[in-house]
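Asker: sequence below, structure please.
(one chain, ligands or ions: 1)
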Amino acid sequence: MISLSKPVISEEEKQAVMRVLDSGMIAQGPEVAAFEDEFSLFMEGHHCIAVNSGTSALHLGLLASGIECGDEVIIPSFTFAATANAVALCGATPVFVDIDIETFTMDPKAAEAAITENTSAIMPVHLYGHPSNMDPLTEICSRKGLTLLEDAAQAHLATYKSQPVGTFGTAAFSFYPTKNMTSGEGGMIVTSDDEIARKAKLLRNQGMEIRYQNEVVGFNNRMTDIHAAIGRVQLKKLRERTTQRQKNAKFLSENLSTVTVPTASSDAEHVYHQYTITTDRRDDLSEYLNQAEIGNGVYYPIPVHELPSFGKQIDLPNTKAAAKQALSIPVHPLLTSEELNRIVEVMNEWY
Ligand SMILES: *Cc1c(COP(=O)(O)O)cnc(C)c1O
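Answerer: From the prediction side, this is the model:
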């Protein structure tokens, strides 16, 4: 079986965990601080605040940006439910808009058309590792006075016109095991705004900056030093592993002949969190690949606005098409050239 995704855990991660366990300091401490500093080097020096998941990073990033009850936040519907959950958990309303069918990311024109007097933020998702179309989105936000947030959970090291995603607005990354790098569970809030950074730190830790002098009502969303130690090792290897993903994607795109391969816009460096093809006979292909023991996955079969948790009846044709046609196949950095060849052979024999 060729797996769809696989976290790469080496001796070094294991040793890092043992070092923390032996130190006796295992909750948030020096490893978390070091992980934040090291992540910041990839984020143009912006503030980095580590938390216990990508969902917490989105949630606290929104709260720290002042998103509250009554606000509308514009998001794409073609995403993981966490994007919308984070908005709803602030008491705000997610407003779902359509995607550009080529890149699977938020359509800036659709975002602009959805703005009302209650809109306070736009939150694009860099889905599958492809950056959203940031020039028009940044322009709309500054012209309309809206907050720009980025769901960068799938897009570590992706760039738009050479600028790293995560540095356009306040952003959230995830370190869940299937993501391009992991800490076990974990997330990172990234922001250039001193006040948002301070609020996010308060919210992460019961509203405290000085112990027992709680300033606001907050959460326990801290990352542990055990997780940070894993994340630090993974971060060191991220560039190399991303390059391997990109090489694997290039090989697949040059050789697959029976499906539509993913496109990367000329402004974008795609980091291939997923390698996602489209075909009208998606479910047939998925079954065929299962038979051939080639891992594959549908991200995401139901647009978020249609889920029982949101239950909105709106027409988003590109979202609907993507949910029917998209299929992700293995691209992870542990694939061997034999496995890549087998994927191509098996896929090209499908009719
Ligand atoms: C994974 C993911 C999240 C949530 O991250 P967790 O670490 O699993 O909480 C949010 N948004 C998107 C697009 C994701 O893929």
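Asker: identify the residue spatially nearest to the residue of the stretch 51-200 of the chain at minimum distance from the ligand, adjacent ones excluded.
Answerer: In the stretch 51-200 of the chain, the residue found nearest to the ligand is residue 54; the distance is 2.4 Å by CB to the nearest ligand atom. Any C-beta I mention is one placed from the backbone N, CA and C, and that applies to glycine too. The shortest distance from residue 54 to any residue other than its chain neighbours is 2.5 Å, reached at residue 174 (CB to CB, 6 or more residues apart in numbering).
Asker: so for stretch 22-36, what gets flagged as buried?
Answerer: 26, 28, 31, 32, 35, 36 (16 or more other CB atoms under 10 Å).
Asker: wait, what's in contact with the residue in the stretch 251-351 of the chain positioned nearest to the ligand?
Answerer: At 7.6 Å from the ligand, residue 273 is the closest residue in the stretch 251-351 of the chain, using CB to the nearest ligand atom. Contact analysis of residue 273 by CB atoms under 8 Å, 6 or more residues apart in numbering lists 128, 129, 154, 155, 179, 180.
Asker: can you map out the helices along the protein?
Answerer: In the chain, the helices defined using DSSP state H lie at 11-23, 30-40, 54-64, 81-89, 108-113, 134-144, 194-204, 225-236, 238-255, 282-291, 317-325, 337-348.
Asker: got those as TSV, with distance to residue 47 and mean pLDDT columns?
Answerer: Rendered in TSV, the data for the helices of the chain read as follows (distance: least, CB to CB, whole Å; pLDDT from 0 to 100):
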stretch	distance to residue 47	mean pLDDT
helix 11-23	24	98
helix 30-40	7	98
helix 54-64	10	98
helix 81-89	19	98
helix 108-113	26	98
helix 134-144	19	98
helix 194-204	4	98
helix 225-236	16	98
helix 238-255	20	98
helix 282-291	41	98
helix 317-325	33	98
helix 337-348	39	98
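Asker: return the most buried member of those.
Answerer: Scoring the helices of the chain by mean neighbour count under mean count of other CB atoms under 10 Å gives helix 54-64 as the most buried, with a mean of 28.
Asker: and that helix, C-alpha only, in CSV?
Answerer: Coordinates of the C-alpha atoms in helix 54-64 are reproduced here as CSV (Å, rounded to 0.1, in the frame of the first residue of the first chain):
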residue,chain,number,x,y,z
GLY,A,54,-4.1,25.0,14.1
THR,A,55,-7.7,25.5,15.1
SER,A,56,-6.6,27.3,18.3
ALA,A,57,-4.3,29.5,16.2
LEU,A,58,-7.2,30.5,13.9
HIS,A,59,-9.6,31.1,16.9
LEU,A,60,-7.1,33.2,18.9
GLY,A,61,-5.9,35.0,15.8
LEU,A,62,-9.5,36.0,15.1
LEU,A,63,-10.3,37.0,18.7
ALA,A,64,-7.0,38.9,19.1
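Asker: circling back to that earlier point, how about the helices of the chain, which one is nearest residue 210?
Answerer: Between residue 210 and the helices of the chain, the shortest gap by CB to CB is with helix 194-204, which sits at 10.6 Å.
Asker: contacting residues around the spatially closest residue to residue 136 that is not a sequence neighbour?
Answerer: Excluding the flanking residues, the one nearest residue 136 by CB to CB, 6+ apart is residue 108, at 3.8 Å. Residue 108 is in contact with 133, 136, 137, 140, counting by CB under 8 Å, 6+ apart.
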